[in-house]
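Peer 1: need coordinates for the below:
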Amino acid sequence: MGGTSGLGRAMALGFADAGADVAATGRREHLVHEVADEIEKRGRRAVRVVADAGSRESVDAFRDRVLAELGRVDILINAAGQTFRKPTEEVTEGDWARIMDVNVNGMLRACQSFFEPLKASGRGRIVNIASLTSYVGFYEVTAYTTSKAAVLGMTRSLAVEWARDGVNVNAIAPGVFQIGRAHV
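Peer 2: Now for the predicted structure:
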């Protein structure tokens, strides 16, 4: 989830370069097709489907399409995320809920939806994208910081719970980087 821009896109193309077939998705159709074109130029199969981490139905439909087209799922990268900068005293409940829904609930939706196919693969892997802000505070990004700290907590719990089923769950916590400047 979240494979059409920023770090998610770079990872999707990196997997294609390493020889993987890739289903990079996001909410913006033109970006889904753009990344799929890049994956196919690398000689790999790409699944072209728009999905929204904010909707369980959308996540499940994405999973079903990936299974139908590729036959299996070995790795799930959860890179969908949003942020905004605003003084905390001005953050509305709607602002807060929107960030939590995408960054935390959306990740949980994807993990739950893909659990069975990852278990069935016999080597399922989940990589959740946390953040440097999971460990340190930055100025005026309290909602984002809180959501990414929650990502680490969820990742730790899933790692313990799903290890017995052969599903390995980890998180990476990248620092600050310029979007669009990553070499892909």
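Peer 1: residues in contact with the helix or strand hosting Val35: which ones?
Peer 2: In this assignment (DSSP states H and E), Val35 forms part of helix 29-41. Contact with helix 29-41 is made by 3-5, 9, 12-13, 16, 21-22, 24-26, 45-50, 184, as judged by CB atoms under 8 Å, 6 or more residues apart in numbering. (Each C-beta comes from the backbone N, C-alpha and C, glycine too.)
Peer 1: ok, of these, which come out buried?
Peer 2: 3-5, 9, 12-13, 16, 21-22, 24-26, 46-50 (16 or more other CB atoms under 10 Å).
Peer 1: contacting residues for the residue nearest the centre of the chain?
Peer 2: With distances taken as CA atoms, centre = their mean, Asn78 lies nearest the centre of the chain, 1.8 Å away. If you count contacts by CB under 8 Å, 6+ apart, Asn78 has them with 1-2, 106-107, 110-111, 126-129.
Peer 1: rerun at 10 Å
Peer 2: By CB atoms under 10 Å, 6 or more residues apart in numbering, the residues touching Asn78 are 1-3, 8, 53, 103, 106-111, 114, 126-130, 151, 154-155, 169, 171.
Peer 1: quick one: which of those residues sit in strands?
Peer 2: 126-129, 169, 171 (DSSP state E).
Peer 1: show me which of those residues are buried.
Peer 2: 126-129, 169, 171.
Peer 1: I'd like to know how far Arg56 sits from Val167.
Peer 2: 19 Å (CB to CB, to the nearest Å).
Peer 1: quick one, which of these two is more surrounded?
Peer 2: Each of Arg56 and Val167 has its neighbours counted (other CB atoms under 10 Å); Val167 has more, 25 against 16.
Peer 1: spatially nearest residue to that one (excluding sequence neighbours)?
Peer 2: Gly124 (4.1 Å; CB to CB, 6 or more residues apart in numbering).
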